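J.: my questions concern the predicted model and sequence given below.
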Amino acid sequence: MTRQLSAALKALLVLTVLCGVLYPAAVLAVGLLVPDRAAGQPVVVGGREVGSALIGQPPSGPEWFQGRPSASDAAGDTSGGSNYGPSNPDLATDVAARRKALLAANPDAPQPVPADALTTSASGLDPDVSPAYARWQVARVADARGLDRARVLRLVDEHVQHAALGVVGQDRVNVLRLNVALAELGRG
Amino acid sequence: MSTALQTAAAVLLVAAVVAAVHVPLGTWMHRVFTDDSDWRIERVVYRLVGVDPRTEQRWTGYAGSVLAFAVASVALLFVLITVQGWMPWSLGRSMDWHTALDTAVSFTTNTNWQAYAGEAGAGHAVQMLGLTTQNFVSAATGLAVAVAVVRGLARVHADRIGNFWVDLTRATLRVLLPLAAVAAVLLLLGGVVQNLASPHTVETLTGVQQTIQGGPVASQEAIKELGTNGGGFFNANSAHPFENPGPWTNLLEIVLILVIPFSLPYTYGLMVGDRRQGAVATGVMGFLLVGSIALTTWAEAHAAAGPLASMEGKEQRFGVVWSSLFASVTTGTSTGAVNAMHDSLSPLGGGVPMVNMLLGELSPGGVGTGLYSYLVVVVLAVFIAGLMVGRTPELLGKTIGRTEVTSAALVTLTMPALVLLGTGLSVVLPVALDARLNDGPHGLSELMYAVASASNNNGSAFAGLSADQPYLNLLLAGCMFVGRFVPIVLVLRLAGSLAAQGKRPVTAGTMPTHTPLFTTLVVGTVVIVAGLTFFPSLALGPIAEALS
């Protein structure tokens, strides 16, 4: 058994060098060829990094499009969902509170409130909302900025990413990219 | 597009890719494990390890090597996690001793249950040196054991079933590393991050502070799925946008999970010289998987008719269909990665993944584990059929005698014993009851899911459970170790006794094991064994919740 254990330790060390050092190092080297991807697609506005296109951002004022609710407030230091089961009364309480707040902040928006606006995502960092929820926010955002609602709606429509082949994934709107475009629209 | 149509299209897409790959990959693995010559780098490895690659082992020696490698792995990983504070790229992250032990056992047993959050518990050094390495070698161990069992069926009057160190090295260097490297680059191109950055704070466009994480994620993500490991780099696992940024990476990850488990039956067919045997295995595995995908998606789509559209705990880019598909695939194999929070699935939508695990994970099962779990069921099915028609039970010319059937029966009993005793113990202990997030039947499901996940070496969770406490860490570590290595020793014993036999000629009295009838019998055995064992507990958990 001692012989087996010593072989095991040696095998583990050799394989650690191959799988735990050389392999990730090789992928890191490939990453140098696509630095933007390797770094998580940072979004830079005016020379300043304002986030990652892949990471949903914390909620903010009415003049910005909002992402989905997050169990971690999208702080980014952790990730995960609420883990509430469908029968959990806390889920019903949270959803009711969100619905009330959303309707108060969006008096001109139609009923019903889109489902992704009421539910927390799995990661707490979902970068996307449904096209329905993005459009649902248009009146509030346009009014807060004194912009034409039709113009903002057009901006939303330009930012809809469709499911590939209509099958792979779901239609969605990246909130940070939309907000960056929105900020430029106000300036232009 | 309706959910049913989208599901069908998604399943067809995944099936088409896996079908295209399984013949070349299955053929390649057959060559890898029957090759008489070594690669140059492998000879270097054997010299460093001090083994003679041409000396084969009896089943006892093979099992001894597997266990020695497991013990060394747990010990080294535990030490590595404990001392990570003194290593570079550790970002000040740490774990309690019981969390470290749980993690060390978890990654060594290919479970990848995580009581820690990646963002807080594991620095880049531990992720690469410890966790990425175990992602490879634990999968390679499973592959090695499966191949040894198939050798037991294929060989005649033999007392040796291969050399574990050779199988381990070849599985790693010829199968897992090349595939993982390709997959990692594809994932990187798809947006999965790969860097050594520390988390840094940015001020967002709207003036709020946010932390952006970094890490060597693509390299780990690739082998996490390919090796059916499932341990997330981040807490949110494959739901985290840095692990799984879009629909295409999601599709790739699903394919990676399935590709080796569905190619191994082809390898098995080639090794025993009868490809039809492999086709039966593929049929059983595919039938169970498609059935569970259909049930999960149906349950989630049904729940999606409500005002929340089943979107609690799901990502917008995946939605109901691709989350349900992922949930079935990750629990039908022994992966346990998640791209949606299973705790928030509908009662039946979360019940099906649990049933997938309780079936013993052979739809199609983990890398290697799926095939040997399947062969154990085949032994049982042959035995039962033999009893029914009054003939000597035979599989591929080998008699299923006392040694064979007791080994198979003990394998089949190990996991249920762990699940039922572990869950039963936990529901009477306040320390475990207090760990639940949800109450009532859903709370029972949380506990049972955890023990089932550990005992089956799956690793997915109803993550509401606060599992990071000494009792649950130690209970689950015990379940993971016993649930992994007791079956491994028993299937190697089975392999040893099969290899020692001669081959009985096929006669008119031989029951063929490649017919649709036999396929049905195997599926029936799987379903009935799990149904009889677990129906009462399922009735108190997901079924009660669905009915209330």
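T.: The structure has been received and is ready for your questions. Worth saying up front: this structure is predicted, and the values here are computed from it rather than measured.
J.: domains of chain A?
T.: Structural domains assigned to chain A are A:1-39, A:43-187, following automatic domain parsing.
J.: relative to chain B, which of these is closest?
T.: Chain B sits nearest to domain A:43-187 of all these, at 2.6 Å, using Cβ to the nearest Cβ. The C-beta positions use only the backbone N, C-alpha and C, and glycine is treated the same way.
J.: how far off centre is the closest one?
T.: 8 Å (Cα atoms, centre = their mean, to the nearest Å).
J.: just checking, B:G92 touches B:E119?
T.: No - counting by Cβ atoms under 8 Å, B:E119 is not a contact partner of B:G92; they are 11.6 Å apart.
J.: who's more crowded, these two?
T.: Remark: of B:G92 and B:E119, B:E119 carries more neighbours, 24 against 9, as counted by other Cβ atoms under 10 Å in any protein chain shown.
J.: does that one belong to a helix or a strand, and which?
T.: Counting by DSSP states H and E, the element that carries B:E119 is helix B:118-121.
J.: can you give me the buried ones in that helix?
T.: Under the neighbour-count criterion of 16 or more other Cβ atoms under 10 Å in any protein chain shown, helix B:118-121 has B:118-119, B:121 buried.
J.: what pLDDT does the model give the closest residue to B:F233 other than its chain neighbours?
T.: Once flanking residues are discounted, B:F233 sits nearest to B:V217: 4.7 Å by Cβ to Cβ, 6 or more residues apart in numbering or on different chains. We have a pLDDT of 97 for B:V217.
J.: any idea how far A:A134 is from B:V217?
T.: Distance, B:V217 to A:A134, using Cβ to Cβ, to the nearest Å: 28 Å.
J.: these two: who's more crowded?
T.: B:V217 (31 against 28).
J.: and the more buried one, what does it touch?
T.: If you count contacts by Cβ atoms under 8 Å, 6 or more residues apart in numbering or on different chains, B:V217 has them with B:192-194, B:233-234, B:242-243.
J.: now the helix or strand B:V17 falls within: buried residues?
T.: B:V17 is part of helix B:3-34 when elements are defined by DSSP H and E. Residues of helix B:3-34 classed as buried: B:3, B:6-11, B:13-15, B:17-18, B:21-22, B:25-26, B:28-30, B:32-33 (neighbour count, 16+ other Cβ under 10 Å).
J.: before we move on, what about stretch B:271-291?
T.: For stretch B:271-291, by 16+ other Cβ under 10 Å, it's B:271-272, B:274, B:277-278, B:280-289, B:291.
J.: and the residue of the stretch 201-350 of chain B closest to chain A?
T.: Relative to chain A, the nearest point of the stretch 201-350 of chain B is B:P247 (2.6 Å; Cβ to the nearest Cβ).
J.: need the phi and psi values for whatever residue of the stretch 401-548 of chain B ends up closest to chain A.
T.: Of all residues in the stretch 401-548 of chain B, the one sitting closest to chain A is B:G464 (3.4 Å; Cβ to the nearest Cβ). With angles defined as degrees, to the nearest 10, B:G464 sits at phi -70, psi -20.
J.: so B:T201 bridges to which residues?
T.: Beta bridges link B:T201 to B:T211, judged by DSSP bridges.
J.: how about residue 78, what does it touch?
T.: All of this is about chain A. Contacts for A:T78 (Cβ under 8 Å, 6+ apart) come out as A:72, A:124, B:117, B:119-120, B:235.
J.: if you could check chain B rather than the one you did, that'd help
T.: For B:F78, the contact set (Cβ under 8 Å, 6+ apart) comprises B:100-101, B:104.
J.: now stretch B:60-74: buried residues?
T.: B:61-74.
J.: rewinding a little: pull the contacting residues for the residue of the stretch 401-548 of chain B closest to chain A.
T.: B:G464 neighbours (Cβ under 8 Å, 6+ apart): A:83-85, B:343, B:436-438, B:446.
J.: and of those, the nearest to A:D143?
T.: Lowest distance from A:D143 to the contacts of B:G464 (Cβ to Cβ) belongs to A:Y84, with 33.4 Å.
J.: wait, that closest one sits on B:L437?
T.: Yes - when contacts are counted by Cβ under 8 Å, A:Y84 is listed as touching B:L437 (7.4 Å).
J.: can you check which residues contact both of the two?
T.: Listed as contacting both A:Y84 and B:L437 by Cβ under 8 Å, 6+ apart are B:343, B:464.
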